[in-house]
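>>> Quick one: sequence plus predicted model below, questions after.
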Amino acid sequence: MTILSRAQEWPKNFHYWASGLLILALIPLLKRCNLPTSFDWAGLAFTFWVLLTARSIFVATLLYLIGFSPAETVAPVLERFRQEKVRILLALVYFVVLGWALPWLQALVLTVDTVAVLEVRERFKPRGLLRSAGAILPPAAYLFAGLLLVSAYNDIILSVRFFAADDVAFDSMDKWLLHGLSVPQLCHWALQVFPLSFFRFLEFIYYGMFAQMGAALILISQHDGKRRGLQFVGAVLTGYYLALGLFYLWPSQGPYYLCPAHFSQFPSVLKTYAAQKGSVAGALARWDHKQLNRISFDYYIAFPCMHIVQPILVMWFLRFWKRMMAVLAAYNGLLVVAIVLLEWHYVVDILAGVVVSGFAIVAVEGSGVWRRRRLTRAGMEML
């Protein structure tokens with residue numbers, strides 16, 4: 001590689017340099033802030049490598065079924081079941097046993113995941129399966145490491161900056177943008193109009209975003225290879241690193257923090273209630289320098305909204321699969337509604353998320369950001 005080509009590659013590899021610098025500074029900063037240097041490895045591994053992986057394979061399978069014709073996706077599986085009918089019985093027994101031990105939705109997810117992985121093994125044989133894993137695991141490991149860094153730096157920033165220093169300013173910006181309205185007013189209006197089931201649906205949409213990101217990592221790495229998968233993760237981490245910098249400059253907790261009636265009116269049976277209570281308590285604990293035993297997936301950043309950044313990056317990297325894009329666009333439209341009506345973020349946070357996602361895309365794509373990549377479905381090797 002020539003010196004010129006290396007210079008052209010450097011901006012696109014910026015996230016590696018940023019990750020390296022954050023790693024080098026991590027332990028000294030944790031010690032300076034009297035924070036633990038150990039991580040909750042068991043909890044982190046279970047959350048990321050078990051829960052998120054299972055949901056991501058399920059969503060990747062659904063997107064694959066949506067994005068490609070039945071002749072490419074469903075027909076080979078049905079033909080295999082027709083030839084070996086015992087597979088149908090085994091799949092049903094497997095689902096029933098899981099359904100007896102777990103909630104039916106979890107049983108369905110695990111059953112689909114198992115059938116999908118076995119189908120990949122059947123189609124591509126052991127060597128192809130190993131190649132598939134070799135394309136997916138390095139980007140997944142890089143994402144895991146990056147999320148650990150982001151979690152640790154959340155705790156560091158909260159130890160030196162008051163977590164809600166700019167909430168009033170962002171609330172005022174929202175009222176200007178919304179002509180006097182605010183996110184809390186919209187949320188509490190919705191609480192009076194819609195049933196509890198509507199908010200459960202919004203939670204399903206809101207928390208499902210993480211599986212969307214994992215599914216995109218699987219599809220991108222499987223189709224375009226490890227390098228493109230690492231580029232996608234690099235874009236996600238670039239967004240997170242920018243969010244850390246903005247959080248340090250303008251820390252805020254979210255509209256639910258300023259709303260005096262939020263926790264008295266918001267349904268306590270929803271998981272969002274406990275999550276927001278826990279977020280305020282955790283942020284206060286870091287600001288008061290209370291003892292923390294281990295670092296886990298701690299995230300307190302409201303501005304910018306990473307729940308917008310990540311879906312935009314997913315849509316950018318999957319943009320050439322039109323049917324997938326249509327489904328993702330509809331889902332992410334509902335996601336914006338969920339973000340606002342669950343009172344997680346200011347409108348300003350969402351707008352900032354759009355800007356941050358643009359910076360992240362340019363950072364990893366470099367000069368080729370507008371160049372259309374030629375994709376083919378031939379030889380598609382994905383779930």
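Thanks, I have it. Numbers count the residues shown, from 1 in each chain.
>>> From here on, just use CA atoms for contacts and neighbour counts.
Will do.
>>> Residue 27 - nearest residue in space that isn't next to it in sequence?
Nearest residue to residue 27, sequence neighbours excluded (C-alpha to C-alpha, 6 or more residues apart in numbering): residue 37, at 6.4 Å.
>>> Which helix or strand contains that neighbour?
Counting by DSSP states H and E, residue 37 is held by no secondary-structure element, helix or strand.
>>> got a list of what it touches?
The contact partners of residue 37, taken as C-alpha atoms under 8 Å, 6 or more residues apart in numbering, are 27, 30-31, 294-295.
>>> Pull out the buried members of these.
27, 30, 295 (16 or more other C-alpha atoms under 10 Å).
>>> closest to residue 314 among the residues you listed?
For the buried ones among the contacts of residue 37, the residue nearest residue 314 by C-alpha to C-alpha is residue 295; the value is 27.6 Å.
>>> ok, how many other residues are close to the closest residue to residue 310 other than its chain neighbours?
Sequence neighbours aside, residue 236 is the residue nearest to residue 310 in space, at 6.4 Å (criterion: C-alpha to C-alpha, 6+ apart). Here the number of neighbours of residue 236 (other C-alpha atoms under 10 Å) works out to 27.
>>> any idea how far residue 236 lies from residue 18?
To residue 18, residue 236 is 13 Å away according to C-alpha to C-alpha, to the nearest Å.
>>> shared neighbours of the two, which are they?
Common neighbours of residue 236 and residue 18 (C-alpha under 8 Å, 6+ apart) do not exist.
>>> export the buried ones among the contacts of residue 37 to CSV and tack on distance to residue 200 and pLDDT?
Below are these laid out as CSV (distance: C-alpha to C-alpha, whole Å; pLDDT from 0 to 100):
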residue, distance to residue 200, pLDDT
27, 40, 94
30, 38, 94
295, 29, 91
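>>> Turn the residues you listed into CSV, including secondary structure and distance to residue 220.
Converted to CSV, the buried ones among the contacts of residue 37 look like this (DSSP: H, G, I helix; E, B strand; the rest coil; distance: C-alpha to C-alpha, whole Å):
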residue, secondary structure, distance to residue 220
27, helix, 33
30, helix, 35
295, strand, 30
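>>> which one among these gets closest to residue 338?
When the buried ones among the contacts of residue 37 are ranked by distance to residue 338 (C-alpha to C-alpha), residue 295 comes first, at 28.2 Å.
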